[in-house]
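>>> Predicted model follows, preceded by the sequence.
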Amino acid sequence: MVAGATGAWGASSAIASFDARIAVQVLGEDPDALYRDRENPASAKKAAGIWESRLAANPKDFDAAWKLARARYWLGTNGLPEPERKPALEAGIAAGRGAVAIDAKRPEGHFWAAANMGALAESYGLRQGIKYRGQIRDGLETALKLDPAFLQGSADRALGRWYFKVPGLFGGSNKQSEIHLRKALTYGPQSVISHLFLADTLADMGRRDEARKEYQAAIDLPIDPDWAPEDRRFKEQAKQLLQRLR
């Protein structure tokens, strides 16, 4: 929907873009500020709407495209009721691909398109997993090549999760999962989610003592202000999973 949006070039496009900026300023609706308040679904939806409008006014707006993909990912995994989540993730894929079409040399579009695909694959059954499995890995590997340190090693972290989640018959590997997750931690040693994912992998490998340490690390780490909603959720998961290992 968004990735294929078209708009008039020239003066009319410039005026529409200018009007959109003025409207945002007048109303005090900064989409980045709204997104920081994403635990409030209305704020997350409003941020997505602003980025969607900006992209419709200017189909070359790279920041609007990837930020829309990120917002759609949040809405599709946390912020919307179940019937609306799948369409949000599908729209997130489109926005991420749109960002790639605008600038394929930046990691954001590749990463967020893959993240939306990953959420679909994990939440909506085998067919979605088969459909997106290879595309997810390809997108994450591209993001990794473009910027290994992007979002504190997020491409390595997501690849680590990919190798953990995908059956061995289709390329999954706990060994590769551990390698990527430990690499992610070199970029973001205080990442709650990276420690949690590494703990899951280690537990699945039967390395229970190491897994306990990683779950405890996820619980003990301070919450990152930029990722506070996610960190709170992952800390709760770590507490529950640690209890099961005791």
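Structure's in. What do you need? Numbers count the residues shown, from 1 in each chain.

>>> hey, let's count contacts and neighbours off CA atoms from now on
Will do.

>>> Just the C-alpha atoms of stretch 124-134, please, in PDB.
Provided in PDB are the C-alpha atoms of stretch 124-134 (Å, rounded to 0.1, in the frame of the first residue of the first chain):
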ATOM      1  CA  TYR A 124       0.900 -16.900  11.400                       C
ATOM      2  CA  GLY A 125       1.800 -20.500  10.700                       C
ATOM      3  CA  LEU A 126       3.900 -22.700   8.500                       C
ATOM      4  CA  ARG A 127       2.800 -21.100   5.200                       C
ATOM      5  CA  GLN A 128       4.100 -17.700   6.300                       C
ATOM      6  CA  GLY A 129       7.300 -19.200   7.600                       C
ATOM      7  CA  ILE A 130       8.000 -20.900   4.300                       C
ATOM      8  CA  LYS A 131       7.000 -17.900   2.300                       C
ATOM      9  CA  TYR A 132       9.400 -15.500   4.000                       C
ATOM     10  CA  ARG A 133      12.100 -17.700   5.500                       C
ATOM     11  CA  GLY A 134      14.700 -17.000   2.800                       C
END
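
>>> How about it, which residues are buried there?
The neighbour-count check on stretch 124-134 (16 or more other CA atoms under 10 Å) flags 128, 129, 132, 133 as buried.

>>> any idea how far that stretch is from the chain center?
17 Å (CA atoms, centre = their mean, to the nearest Å).

>>> can you check stretch 121-140 too?
Centroid separation for stretch 121-140 versus its chain: 14 Å, with CA atoms, centre = their mean.

>>> Low-confidence stretches in the chain?
Within the chain, the segments meeting pLDDT under 70 span 1-28, 126-127.

>>> so where do the helices sit in it?
Applying DSSP state H to the chain gives helices spanning 11-27, 31-36, 41-57, 62-74, 82-102, 107-123, 125-146, 154-165, 174-187, 192-204, 208-220, 228-245.

>>> pull the CA atoms of the fifth one into CSV?
It refers to helix 82-102. Taking C-alpha atoms only, helix 82-102 is exported to CSV below (Å, rounded to 0.1, in the frame of the first residue of the first chain):
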residue,chain,number,x,y,z
GLU,A,82,-5.4,-9.4,16.8
PRO,A,83,-7.5,-9.1,13.6
GLU,A,84,-5.6,-5.9,12.6
ARG,A,85,-2.1,-7.2,13.3
LYS,A,86,-1.5,-9.2,10.1
PRO,A,87,-2.5,-6.4,7.8
ALA,A,88,-0.2,-4.0,9.7
LEU,A,89,2.8,-6.3,9.3
GLU,A,90,2.1,-6.8,5.6
ALA,A,91,1.9,-3.0,5.3
GLY,A,92,5.2,-2.8,7.2
ILE,A,93,6.9,-5.1,4.7
ALA,A,94,5.7,-2.8,1.9
ALA,A,95,7.0,0.2,3.7
GLY,A,96,10.4,-1.4,4.3
ARG,A,97,10.6,-2.5,0.7
GLY,A,98,9.7,1.1,-0.3
ALA,A,99,12.7,2.3,1.8
VAL,A,100,15.0,-0.2,0.1
ALA,A,101,13.8,1.1,-3.3
ILE,A,102,14.6,4.7,-2.2
